[in-house]
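**Q** 3D, please:
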Amino acid sequence: MAKFLPLSQAVADNLKDGDAVAFEGFTHLIPTAAVHEAIRQDFKDLTLIRMTPDLVYDQMIGMGMVKKLIFSYAGNPGVGLLRRLRDAVENNWPRAIELEEHSHAAMANAYEAGAAGLPCAIFRGYRGAELAKVNPNIKSIECPFTGEKLAAVPAVRPDVTFIHAQKANKKGDVLIEGIIGIQKEAVLAAKRAVVTVEEVVDDFDDVHPNLTVLPHWTVTAISVVPGGAHPSYTHGYYIRDNASYLEWDKIAAERDQFLAWMQKNVMESKPEDFAGRVENLRDAK
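**A** Residues are numbered from 1 along each chain as shown. Okay, here's the model as predicted:
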């Protein structure tokens, strides 16, 4: 049953040192505010899971919170590499991290397997690819019915998943519109799920047919954080802040510059600051 909580309490109650955690979002609805709250609370030894790690995972890695990354593409969208991730991999700064790299198809299937309570995902994939040479969690099996060689990877079962969404109703059901990505499966696969939302409404009306509703019994906690996906966008609320992604490439290039930015914009910031960051990005409905 979903509880409505301030973000600081929702994070403190549901994220622990050493957890496997997914902060999922695909193109939009990236739960930036939740990531920043986790950084402020200084969690350690996390295993981060995500299909497309971008700058928020770069920030967590740069702050020394991460021991392992399970992922399928990592980069600053439309810009290039993640400089704090690269520094950690190449120079062990601020600490060494373990990488478990997959394809998008593998990650999506692994989340679906986790949501279904299965131990692994089986699918057609990795044919002609060499990731299995560096990732021992990529296996091949023979179909007992056809003899076909198929790929198998472990199910993804996070201790906790964080997502951002457009709305929750007062009962605690959560509405996601626009590009869905893997957020639904990431919530259903997790032991606990925390959702930040733009607003709470009485009911979901005038909704688009391309939507997902997560019933209240799949969600542990809900926090109202307008603008909480910035600099990514929230469909129907505000557009993507492309300038921030370009700026991040410069910020993350140097360690001291990165740390100074994090101190000012994350450590000394608050969840309610996100509303102001998107004020000039409001989407015309």
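**Q** element containing residue 249?
**A** helix 242-251 (DSSP states H and E).
**Q** How about residues contacting that helix?
**A** The contact list for helix 242-251, computed with C-beta atoms under 8 Å, 6 or more residues apart in numbering, reads 55, 58, 76-80, 83, 230-231, 257-258, 261. To be clear about C-beta, it is placed using only N, CA and C from the backbone, and glycine gets the same treatment.
**Q** Check which element follows the worst-scoring helix or strand of the chain on mean pLDDT along the chain.
**A** Lowest mean confidence among the helices and strands of the chain (mean pLDDT, DSSP states H and E): strand 211-214, at a mean of 88. Sequence-wise, the next helix or strand downstream of strand 211-214 (DSSP H and E) is strand 221-224.
**Q** could you say what helices and strands that following strand packs with?
**A** In this structure, strand 221-224 packs against strand 3-4, helix 7-14, strand 192-201, with contacts taken as 3 or more C-beta pairs under 8 Å, 6 or more residues apart in numbering; DSSP states H and E.
**Q** can you do 10 Å?
**A** With contacts taken as 3 or more C-beta pairs under 10 Å, 6 or more residues apart in numbering; DSSP states H and E, strand 221-224 sits against strand 3-4, helix 7-14, helix 32-40, strand 160-169, strand 192-201.
**Q** could I get that strand in PDB with only the CA atoms?
**A** Extracted in PDB, the C-alpha atoms of strand 221-224 (Å, rounded to 0.1, in the frame of the first residue of the first chain):
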ATOM      1  CA  ALA A 221       5.900   5.300  -1.200                       C
ATOM      2  CA  ILE A 222       5.000   8.300  -3.300                       C
ATOM      3  CA  SER A 223       6.600  11.800  -3.000                       C
ATOM      4  CA  VAL A 224       5.200  14.900  -4.800                       C
END
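**Q** can you list the residues that contact that strand?
**A** Strand 221-224 is contacted by residues 2-11, 13-14, 31, 33-34, 37, 160, 162, 164-165, 167-169, 172-174, 192-200, 216, 271-272 when judged by C-beta atoms under 10 Å, 6 or more residues apart in numbering.
**Q** What pLDDT does the model give residue 1?
**A** pLDDT, residue 1: 78.
**Q** Tell me how far it lies from residue 219.
**A** With the distance defined as C-beta to C-beta, to the nearest Å, residue 1 ends up 8 Å from residue 219.
**Q** what about those two, which has more around it?
**A** residue 219 (23 against 9; other C-beta atoms under 10 Å).
**Q** Roughly how far does that one sit from residue 110?
**A** Counting by C-beta to C-beta, the separation of residue 219 from residue 110 is 21 Å.
**Q** Do I have it right that residue 231 meets residue 35?
**A** No. Counting by C-beta atoms under 10 Å, residue 231 stays clear of residue 35, with 11.8 Å between them.
**Q** what's the overlap in contacts for those two?
**A** Common contacts of residue 231 and residue 35, defined by C-beta under 10 Å, 6+ apart, comprise 55-56.
**Q** In this protein, where is pLDDT below threshold?
**A** 209-210, 284-285 (pLDDT under 70).
**Q** max-length helix in it?
**A** The residue-count maximum for a helix in the chain (DSSP state H) belongs to helix 104-115.
**Q** buried ones in it?
**A** For helix 104-115, the neighbour count (16 or more other C-beta atoms under 10 Å) marks 105-115 as buried.
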